[in-house]
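> would you be able to build a 3D model of this:
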Amino acid sequence: MEIRQELSTKLLQKLVLTPQLQLAIRLLQLSRLELAEEIREQLETNPVLDEESNGSDAVSLDEAAKEVPGAEELPGAPKAPVETAEDHQESRSDRLERGDAAEWEKFVEGYNRFGQGPSIRVSNDEFPSVESTISHKQTLQDHMMWQLQLIDMPDGARDIGAFIIGNLNDDGYLVEVDVGDIAGATGSSMEEVETTLTRLQAFDPVGVCARDLKECLLIQAKTHHPDNEPLRQLIEDHLHDLERRNFTAIARGLHCSMEEVGILITTIQGMEPKPGRAFASDDVVYIQPDVYVYKVGDEYVTVLNEDGLPKLRISPYYEQALSGSVDGGAREFVQEKLRSALWLIRSIHQRQSTIRKVTESIMRFQVDFLEKGVTQLKPLVLRDVAEDVGMHESTISRVTTNKYVYTPRGIFELKYFFNSRVGSLTGDDVSSESVKARIKMLVDKEDRSKPLSDQEIVNLLRKEDTVIARRTVAKYRQALGILPSSRRKAIV
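A predicted model of the protein is given here:
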């Protein structure tokens, strides 16, 4: 066998992701907050980029570049329009690098006069108040320690109390450690720990420092209903029957009527199973939609939310630097930063334009939803929108991830409008979300003394021309957080 070296040529086709395309793909899948953070980071690292606060020479982020044909689509597969746009953009940047001042002015003027779509700025009234963002919210531990400092206790007991408070979970329960662990950690006896724990259980909120749900309810019953012995007995002995809604067993065990059982259950339902919930420290997350959909006359208009996104431009200082006499090293640095800035600006334009096009397409499919509500939501898949706007399914998937739209029916994630199909006797398929909404409506209107079973729901939906299996109803019911019929039954 002969081994030798030789030179040869061959033709090969392959897809290469250019740096511009990689940037566009990365920006497209970012959420609105992540995009704002990315822009801020680029403003700090790229001196050529500048932010225009008054918008006079700014590049509007919600308008596509007219001079870049086909920039609306981020191709999931290699398609000519984007490559042509990059070549077109590169030719302009090449002329900028040569310091052509007249061409520079024409280039910037073209970017500043985009006008393919409206923009909107959200009023500050829609944001939380300053007090809600800078104030310190009291935690459950703070509230308990404040009460601990107010009562007269020996130092050893106070140390035990502080240890117990420090081990409460967010719901106000003492579940991570037991009495033995506390005694060992504080060097105290188990009797001292029990005595201190009993005192802490009398603190506000009522039911705090309980070790399980039964103890929590018993503390509240002892505090608010000290003379109600049947209530205490129900909590002690019949919580499992209450969970299974076996009211007959409860009435038999307590030797009382069903009406009295109903009163006791109503009392328990008024108790707080999670005493620490009022002091939850989780911050409320306010969703700012990426797109607004308004009804104007008989049509729906899609408007991008531009509020909070900096308007970008090329710094005039570096424009003059390229036009003047700059040495080779400085010119090369500015030219490199200029290319990065141009790629970023064009990618942001492309992202905003793509989001608007996809949203408009989705709303065209879901006009009945906008007019009549969730029960009229149509089945929709990524392929339907991809074919409508002439993009790849992967692009549609990136656009609709972590993007929110404001509609007359509320704020929804764009992914919400994509639903699987459920068969219909009339041949017009319905969406799974509309079936879920219909199941919830049926359960809300049912007779609580005789709740609907899954099979009865199937029969009712079939009368409405919707064909669905019983196991599918059970799956949708669980997704909606609806209990089985045996646990929805109310007291007669």
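> how much space between the nearest residue to Gly172 once chain neighbours are set aside and Val208?
Excluding the flanking residues, the one nearest Gly172 by Cβ to Cβ, 6 or more residues apart in numbering is Gly276, at 3.0 Å. Quick note: C-beta positions are derived from backbone N, CA and C, even for glycine. Using Cβ to Cβ, to the nearest Å, Gly276 is found at 7 Å from Val208.
> now do the shared contacts for those two.
Leu140, Leu168, Gly172 (Cβ atoms under 8 Å, 6 or more residues apart in numbering).
> name the element Glu41 belongs to?
helix 32-45 (DSSP states H and E).
> now that helix: average pLDDT?
Model confidence over helix 32-45, given as mean pLDDT, is 88.
> that one: how far from the chain's middle?
How far helix 32-45 lies from its chain's middle: 20 Å, per Cα atoms, centre = their mean, to the nearest Å.
> for this structure, where's the lowest mean pLDDT among helices and strands?
helix 80-97 (a mean of 43; mean pLDDT, DSSP states H and E).
> thinking again about what came up before, any chance of the shared contacts of Gly276 and Val208 in a markdown table, plus distance to Ser257 and secondary structure?
What follows is the shared contacts of Gly276 and Val208, written out as a markdown table (distance: Cβ to Cβ, whole Å; DSSP: H, G, I helix; E, B strand; the rest coil):
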| residue | distance to Ser257 | secondary structure |
| --- | --- | --- |
| Leu140 | 40 | helix |
| Leu168 | 39 | coil |
| Gly172 | 34 | coil |
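> just put these in TSV and tack on distance to Val358, pLDDT and neighbour count.
Shown next, in TSV, are those (distance: Cβ to Cβ, whole Å; pLDDT from 0 to 100; neighbours: other Cβ atoms under 10 Å):
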residue	distance to Val358	pLDDT	neighbour count
Leu140	44	91	22
Leu168	47	93	22
Gly172	46	92	24
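> out of the residues you listed, which is nearest to Met391?
Leu140 (50.0 Å; Cβ to Cβ).
> check the closest residue to that closest one other than its chain neighbours and give its pLDDT.
Using Cβ to Cβ, 6+ apart and skipping the chain neighbours, the partner closest in space to Leu140 is Phe279 (3.9 Å). pLDDT, Phe279: 85.
> swap in His225?
Looking at His225, the pLDDT reads 93.
> from what I can see it touches Gly270, true?
No. If you go by Cβ atoms under 8 Å, His225 and Gly270 don't touch, sitting 10.2 Å apart.
> number of residues surrounding Glu229?
Glu229 has 11 neighbours, counted by other Cβ atoms under 10 Å.
> per-residue confidence for it?
93.
> for the stretch 151-300 of the chain, what spans make up the strands?
Taking DSSP state E, counting those that start in this stretch as the test, the strands found in the stretch 151-300 of the chain are 291-296, 299-305.
> output those as TSV; include the columns mean pLDDT and mean neighbour count.
What follows is the strands of the stretch 151-300 of the chain, written out as TSV (pLDDT from 0 to 100; neighbours: other Cβ atoms under 10 Å):
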stretch	mean pLDDT	mean neighbour count
strand 291-296	92	16
strand 299-305	91	17
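> looking at those strands, which is nearest to Gln233?
With Cβ to Cβ as the yardstick, what comes closest out of the strands of the stretch 151-300 of the chain is strand 291-296 (56.7 Å).
> partners of the closest one, with directions?
Sheet pairing of strand 291-296 (DSSP bridges) gives strand 299-305 (antiparallel), strand 404-407 (parallel).
> picking that back up, between Gly276 and Val208, which is the more surrounded one?
Using other Cβ under 10 Å as the criterion, Gly276 and Val208 rank with Val208 on top: 26 against 23.
> and the gap between that one and Asp159?
Per Cβ to Cβ, Val208 is found 19 Å from Asp159.
> out of His225 and Gly270, which sits in the busier spot?
Comparing His225 with Gly270 by other Cβ under 10 Å, the one with more neighbours is His225, at 15 against 9.
> look up how far Leu218 lies from the residue nearest to the more buried one when sequence neighbours are not counted.
With Cβ to Cβ, 6+ apart as the criterion, His225 has its nearest non-adjacent residue at 5.5 Å, and that residue is Leu231. Distance of Leu231 to Leu218, computed by Cβ to Cβ: 9 Å.
> which of those two has more neighbours?
The residue with more neighbours, out of Leu231 and Leu218, is Leu231; 24 against 18, by other Cβ under 10 Å.
> surely the more buried one touches Ile268?
Yes. Between Leu231 and Ile268 there is a contact under Cβ under 8 Å: 7.4 Å.
> pipe the strands paired with strand 291-296 into JSON lines and attach distance to Arg383 per row.
Converted to JSON lines, the strands paired with strand 291-296 look like this (distance: least, Cβ to Cβ, whole Å):
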{"stretch": "strand 299-305", "distance to Arg383": "21"}
{"stretch": "strand 404-407", "distance to Arg383": "20"}
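> from the chain's centroid, how far away is stretch 359-368?
With Cα atoms, centre = their mean, you get 21 Å for stretch 359-368.
> and for Gly180, the neighbour number?
Neighbour count for Gly180, taken as other Cβ under 10 Å: 10.
> which phi and psi does Arg245 have?
Main-chain dihedrals, Arg245, degrees, to the nearest 10: phi 60, psi 40.
> any idea how far Arg158 is from Ile151?
9 Å.
> please disregard the earlier target; I meant Ala278.
Taking Cβ to Cβ, one finds Ala278 at 21 Å from Ile151.
> repeat for Leu480
46 Å.
> likewise Thr400?
Between Thr400 and Ile151 the computed distance is 56 Å (Cβ to Cβ).
> those two: which is more packed in?
Thr400 (22 against 13).
> can you give me the neighbour number for Arg364?
For Arg364, the neighbour count with other Cβ under 10 Å is 12.
> which SSE is it in?
Taking DSSP H and E as the definition, one finds Arg364 inside helix 328-365.
> angle of that helix against strand 299-305?
In terms of direction (axes from the mean of the first three to the mean of the last three Cα atoms, to 10 degrees), helix 328-365 departs from strand 299-305 by 150 degrees.
> next SSE downstream of helix 328-365?
helix 367-372.
> which outside residues touch that following helix?
With Cβ under 8 Å, 6+ apart as the contact definition, helix 367-372 has outside contacts at Val293, Lys295, Tyr300, Met363, Gln376, Leu377, Lys378, Thr407, Pro408, Arg409, Phe417.
> the fifth one and Asp447, how far apart?
If I follow you right, that is Gln376. Taking Cβ to Cβ as the measure, Gln376 and Asp447 are separated by 27 Å.
> so for the two, which residue has more residues nearby?
Gln376 (16 against 9).
> would you mind measuring from that one to Ile164?
On the measure of Cβ to Cβ, Gln376 and Ile164 end up 55 Å apart.
> same thing with Arg244?
The value you get for Arg244 to Ile164, if Cβ to Cβ is used, is 33 Å.
> who's more crowded, those two?
Per other Cβ under 10 Å, whichever of Arg244 and Ile164 has more neighbours is Ile164, with 23 against 12.
> I figured the more buried one hits Cys209, correct?
Yes. Using Cβ under 8 Å, Ile164 makes contact with Cys209 at a distance of 6.4 Å.
> which neighbours do the two share?
When Cβ under 8 Å, 6+ apart defines a contact, the residues bordering Ile164 and Cys209 alike are Leu174, Leu197, Leu200.
> and which of these is nearest to Ile439?
The nearest member of the shared contacts of Ile164 and Cys209 to Ile439, counting by Cβ to Cβ, is Leu174 at 39.6 Å.
> what is the neighbour count of the closest one?
Quick note: Leu174 (other Cβ under 10 Å) scores 22 neighbours.
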